[in-house]
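[1] take this sequence and fold it.
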Amino acid sequence: MPAQLSYPGVYIEELPSGVRTITGVATSVAAFLGSAPRGPIDRAVRLFSFADYERRFGGLAVDSEMGYAVRQFFQNGGTEAYAVRIVKDATAAEATLASAAAVDVLKVEALDAGTAGNGIEVRVDHRTGNPGSTFNIAFIRAADNVAEVYENLSMNSADSRYALDLVNGVSQLVKLTRLPNQAALDALPNGVSLGGSLADVATLLDANHNELRVSVNGLPPVKVVIALPADIAGGTATQRLDSLCAAIQAKVRAQANSQAAYDTFVCERPASTQVIRMQSGVAGEFSSVRVLPGQKNNASVVLKLGSDAGGSEIDGVAAIRPRPVPDPATLTSDVFAAADLNALPDATHTSLRISLDGYGPDVVGIGDALAAGANLAAKLGDVAARLQAAVRALKPSNPAYQHFTASVQGGNRLVLATGTQGGASSIVVTAAPLNSIAAELHLLAGSTTSQPVNLTLQGGTETPYGEADVYPAFIADRASRKGLYALESVDLFNILCLPGVTDTGVLMDAAAYCEERRAFFVIDAPPAAVTPEQMVAAVSGTALPKSDHAAVYYPWMYIADPLKNGKLRLTPPSGTIAGLYARTDGDRGVWKAPAGTEATLVGAQALGYALTDGENGSLNPLGVNCLRTFPVFGAVSWGARTLRGADQMTSEYKYVPVRRLALFLDESLYRGTQWVVFEPNDEPLWAQIRLNLGAFMNGLFRQGAFQGRTPREAYLVKCDRETTTQDDINRGVVNILVAFAPLKPAEFVVIKIQQLAGQIQV
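    Below is the predicted model of the structure:
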């Protein structure tokens, strides 16, 4: 009833029905462990296709049975799997990125330990929305054409574009570590916003352009409204700009609200310039100045403040921003003499030919006007600016041309750089057919070319497990979830495969783990057991676990190897059998034996040993599941016994489908009855249990999962005073009895033939 009846009227209350539907769990989620060309080590990765395996683990490899097993699993009907890469020992490849001051600022480490991380290329550039403070970084793995690009990153940990936040946990290739310690972060400079060069502010500001906003150190922005003409008083353009800077500083500080970054905020005109410089009052990692447009009557654009308006915003962390890598290809001229540009360019010296990254060569004209400037350095700067503008205009959509630079080095050399980076970039200058100035600019004889190499991760090593290392590699420390116990992070798996692994110790521990996880272990026959006699000896001894949670399949099989143009490869059958389990579960149900003429082995072109009926008859009574080849049907699975399926063991879980059906019931009922915990332990609860479990079992009966003509013959669900006594109730226990009549496979078909004698009437 309602918790409180307080007013006269009608109350509505919803009552629970007591129906809690139990959903059957998946029955054919496979788990594979083994070596792989790359991928995470000792971590289970979920796969829904072989393409997923190729992307994460590098696909097939000659020395990896796991790759072939996973491929066979999906080819034979598997739909979901987990793979765990196992190695004996591995270290990750890495590289260090430095700042412009040659201080190490970022460590880039391959996400996957081992040699696969070697060669991952790292590229950094500053072509961002805020080129004064942020950077772009790219990671490229050429082996499989995987590239990741992260743009507009900051080294400020409070920034929404903080590099480590955006890369770590997202990248499939690398992880980043910031190297400066806290002392170094605290010692970073003040953030600065520097505007572009201005004309007289009296001609720039008016009633429609007199407002902007300033945000310092990431704090909420303050509004600055420029009073005209009071805030731009003075007799000269410089005096008026000084007056404006003082007014902006005073207006920002007036709104400090006890925030030190605003309270000591600085706005000034640097000496000998016509620009506005703003500086945060607090230095360090979080120090920054952002000039934002005014909400109305915006003045930030005409004052060239903010990166969008042509200014630059240099945060404190810009000092620990990684410098661009790798460098572009450059061409450095020979040394100019002081008078070399006194009469150049002229009418007969205006052009040169340039080729960037293999494009061109293109003729570039810089005009015939004399180089402007009071000295050689200034004249070189004029020529460099003209050359840069002309080259960029040639192919503005081509990065090599779009970002081409021409600069002056040491006041007496020209340095030309292509707009791209690394080993693929190049720059070549030759004489123009007419009016060439290439030789006069010292870009031919005596010039030097720098061809940088790409920056790649290096130092990754790995030691594959050998025969003596199988047990410690697979049965590693459970506490650290390595080896087989990497599957601890997997919520559900039903089938375990260790392709090609036949170490007795590993098999014993793996079988025990399957019993613990309610899973089934598909074991490959020992590779040394080539003949039936050798297989009889193996199964009769102690080489294989005597577990009803495991089954062994013999012999190995030949499949076409894509790495060798279809040449046959002898491979263990566990992956194929796991796929067959999945296909049979989907087509017929987990209660159907994965054997018979329907149990064809897709991809199997031949078997390692062609068994006869008699040889099959010597192995089947010992619990060995044989793979056979029959006319018309091809290669099929011709056995359905567990490793406790030997006739002498008389186990109730002799057959694979009986054990796997029981495991399906175990897991489904375990998950489907969690709601019972902490419920009042009395008849109403027991009735709900009988209702819900009975509905689940009846649904399976209707699908043909049990033996019997009626539900009473097929299954039993009992939960009452007989199963749960008062003593059980006192101890907090409810006992539920679930029984089922399993279907047994028709393993032997006996046909009796008799002649009918002629009828004699007497």
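[2] point to the residue nearest the middle of this structure.
    Taking Cα atoms, centre = their mean, the centroid of the chain lies closest to Gln172, which sits 3.0 Å from it.
[3] what sits against the residue nearest to that residue when sequence neighbours are not counted?
    Leaving aside its chain neighbours, Gln172 sits nearest to Leu111 (6.7 Å; criterion: Cβ to Cβ, 6 or more residues apart in numbering). The way it works is simple: take the backbone N, C-alpha and C, and place the C-beta from them, glycine included. If a contact means Cβ atoms under 8 Å, 6 or more residues apart in numbering, then Leu111 has Pro40, Ala92, Gly117, Ser171, Gln172, Leu173, Val174, Lys175 as its contacts.
[4] which pLDDT value goes with the second one?
    Which is Ala92. Listed pLDDT for Ala92 reads 94.
[5] do the same with the third one
    For Gly117, the model assigns a pLDDT of 93.
[6] please apply the same query to the fourth one.
    At Ser171 the predicted local distance difference test score is 96.
[7] residues near it, how many?
    16 (other Cβ atoms under 10 Å).
[8] can you check the third one too?
    Residues within reach of Gly117, counting by other Cβ under 10 Å, total 29.
[9] list the buried residues for stretch 220-231?
    Neighbour counts using 16 or more other Cβ atoms under 10 Å place Val222, Val224, Ile226, Asp231 of stretch 220-231 among the buried residues.
[10] closest one to Leu568 out of those, please.
    Relative to Leu568, the closest of the buried residues of stretch 220-231 is Val222; by Cβ to Cβ it sits at 76.5 Å.
[11] and the closest one, how close does it get to Ser258?
    Distance, Val222 to Ser258, by Cβ to Cβ, to the nearest Å: 13 Å.
[12] equivalent analysis for Ser64, please.
    Taking Cβ to Cβ, one finds Ser64 at 64 Å from Ser258.
[13] these two touch, right, the residue nearest to the centre of the chain and Val146?
    Yes - using Cβ atoms under 8 Å, Gln172 is in contact with Val146, at 7.3 Å.
[14] so which residues of the stretch 651-762 of the chain form helices?
    Ranges of helices in the stretch 651-762 of the chain, per DSSP state H, counting those that start in this stretch, are 656-672, 683-703, 711-714, 726-730.
[15] out of those helices, which is the most enclosed?
    When the helices of the stretch 651-762 of the chain are scored by mean count of other Cβ atoms under 10 Å, the highest mean neighbour count falls to helix 656-672 (a mean of 21).
[16] okay, the helices of the stretch 651-762 of the chain in CSV with mean pLDDT and distance to Phe74 next?
    Conversion of the helices of the stretch 651-762 of the chain to CSV gives the following (pLDDT from 0 to 100; distance: least, Cβ to Cβ, whole Å):
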stretch, mean pLDDT, distance to Phe74
helix 656-672, 97, 20
helix 683-703, 96, 26
helix 711-714, 96, 34
helix 726-730, 96, 47
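[17] could I get these as JSON lines with distance to Ala604?
    Converted to JSON lines, these look like this (distance: least, Cβ to Cβ, whole Å):
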{"stretch": "helix 656-672", "distance to Ala604": "19"}
{"stretch": "helix 683-703", "distance to Ala604": "30"}
{"stretch": "helix 711-714", "distance to Ala604": "36"}
{"stretch": "helix 726-730", "distance to Ala604": "53"}
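[18] wait, which of these is closest to Gly617?
    Here helix 656-672 is closest among the helices of the stretch 651-762 of the chain (Cβ to Cβ), at 18.8 Å.
[19] near Tyr20, how many other residues are there?
    Small correction: residue 20 is Arg, not Tyr. Close neighbours of Arg20, defined as other Cβ under 10 Å, add up to 18.
[20] now do the phi/psi pair for it.
    Taking degrees, to the nearest 10, you get phi -130, psi 100 for the backbone angles of Arg20.
[21] if we can go back for a sec, who has more neighbours out of Ser64 and Ser258?
    Ser64 (21 against 6).
[22] OK, contacts around Val391?
    By Cβ under 8 Å, 6+ apart, Val391 lies in contact with Ile354, Leu356, Val364, Tyr401, Phe404, Ala406.
[23] does it sit in a helix, a strand or a coil?
    Taking DSSP: H, G, I helix; E, B strand; the rest coil as the rule, one finds Val391 in the helix state.
[24] quick check: it vs Gln421, distance?
    From Val391 to Gln421 the distance is 17 Å (Cβ to Cβ).
[25] hmm, back to that, most widely separated two among the contacts of Leu111?
    The span of those, defined through Cβ to Cβ, is set by Ala92 and Gln172 at 14.2 Å.
[26] tell me the contacts of the nearest residue to Leu700 once chain neighbours are set aside?
    Using Cβ to Cβ, 6+ apart and skipping residues adjacent in sequence, the residue nearest Leu700 is Phe706, 6.6 Å away. Taking Cβ under 8 Å, 6+ apart as the criterion, Phe706 is in contact with Trp591, Met697, Leu700, Ala714, Tyr715, Phe740, Ala741, Pro742, Leu743.
[27] right, and the first one touches Arg659 too?
    No - using Cβ under 8 Å, Trp591 and Arg659 do not qualify as a contacting pair, with a distance of 10.8 Å.
[28] which parts of the stretch 301-450 of the chain are helices?
    Listed in chain order, the helices of the stretch 301-450 of the chain (DSSP H, counting those that start in this stretch) span 376-394, 399-402.
[29] what's the closest of those to Thr348?
    Proximity to Thr348 (Cβ to Cβ) singles out helix 376-394 among these, at 16.0 Å.
[30] show me how far the closest one is from its chain's centre.
    Centroid separation between helix 376-394 and its chain, computed with Cα atoms, centre = their mean, to the nearest Å, is 45 Å.
[31] in the stretch 501-650 of the chain, which spans are strands?
    Taking DSSP state E, counting those that start in this stretch as the test, the strands found in the stretch 501-650 of the chain are 520-524, 550-554, 557-561, 567-571, 604-607, 624-630, 634-637.
[32] dump those strands to TSV, plus distance to Leu376 and mean neighbour count.
    Shown next, in TSV, are these (distance: least, Cβ to Cβ, whole Å; neighbours: other Cβ atoms under 10 Å):
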stretch	distance to Leu376	mean neighbour count
strand 520-524	79	27
strand 550-554	83	27
strand 557-561	68	19
strand 567-571	70	16
strand 604-607	78	18
strand 624-630	85	22
strand 634-637	83	20
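[33] any chance of these in CSV, with distance to Met508 and mean pLDDT too?
    Formatted as CSV, the strands of the stretch 501-650 of the chain follow (distance: least, Cβ to Cβ, whole Å; pLDDT from 0 to 100):
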stretch, distance to Met508, mean pLDDT
strand 520-524, 11, 98
strand 550-554, 10, 98
strand 557-561, 25, 98
strand 567-571, 24, 97
strand 604-607, 27, 97
strand 624-630, 18, 97
strand 634-637, 24, 97
